[in-house]
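Enquirer: Provide a 3D model corresponding to the input given below.
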Amino acid sequence: MKKQKEETIFTEHFRAFYLQYAGELMFFARKFVDIYTAEDIVHDIFLKIWDKRSTIIVEENVRNYLLSAVQHACYDHLKHQQVQDTFMNKVVQQLKLDELKQNESIKDHWWDKEKIEAVYASIEKLPSKRRDIFKKAYLEGQKHTDIAEELDISVRTVETHVYKALKFLRNSLITFLF
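Expert: Next up, the predicted model:
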């Protein structure tokens, strides 16, 4: 019964202790970290005090102790964040370098003179009307509606010719390119 009464008294004192210092400690922590991290740091410090309540010794200058604990916790958080950010920056940089290397090899792979000549040779193998429509669409960059108007055919016919030309080129170039 005596132990339960002591626990109740400690709980009441702890609640008052928390209410007295928590706001000031969070305000102090906000100088260094965001609001959510400040709350976490302050709550963690009070949680450690609660967990060590059977061995805690109350000193006269509790406020300085608490401010020091918050300051050290903020420092630890910022150092950890710095290490984490450095790691992430290195990973991001490496990914960018890898992508640049890959793009360089793709560029070298795709833009060989021999391959370009093969693409043009395959285009020349298309039936004349399909070849003309394909060149207008892809080499000259004309819109399908403009091509249809120029050749006096439907847009759907232009789309069909372009589709069939692309299908033919894919099939004829697949073995050569890869």
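Enquirer: max-length helix in this structure?
Expert: Of all the segments of type helix in the chain, defined by DSSP state H, the longest one is helix 62-110.
Enquirer: pLDDT score assigned to the residue nearest the centre of the chain?
Expert: The residue at the geometric middle of the chain, judged as the C-alpha nearest the mean C-alpha position with C-alpha atoms, centre = their mean, is Val92 (9.3 Å). The model reports Val92 with a pLDDT of 73.
Enquirer: ok, residues contacting stretch 4-16?
Expert: With C-beta atoms under 8 Å, 6 or more residues apart in numbering as the contact definition, stretch 4-16 has outside contacts at 49-50, 53. All C-beta spots, glycine's among them, are computed from the backbone N, C-alpha and C.
Enquirer: looking at these, which has the most residues close by?
Expert: Neighbour tally across those (other C-beta atoms under 10 Å): the maximum, 17 neighbours, falls on Ile49.
Enquirer: what's the least confident helix or strand in the chain by mean pLDDT packed up against?
Expert: The helix or strand with the lowest mean pLDDT-type score in the chain, counting by mean pLDDT, DSSP states H and E, is helix 62-110 (a mean of 79). Identification of packing neighbours for helix 62-110 by 3 or more C-beta pairs under 8 Å, 6 or more residues apart in numbering; DSSP states H and E yields helix 2-29, helix 35-51.
Enquirer: let me know which of those helices is the nearest to Ser172.
Expert: Between Ser172 and the helices and strands packed on helix 62-110, the shortest separation by C-beta to C-beta is 59.8 Å, and it involves helix 35-51.
Enquirer: list the buried residues in the closest one.
Expert: Neighbour counts over helix 35-51 (16 or more other C-beta atoms under 10 Å) mark 37-42, 45-46, 49 as buried.
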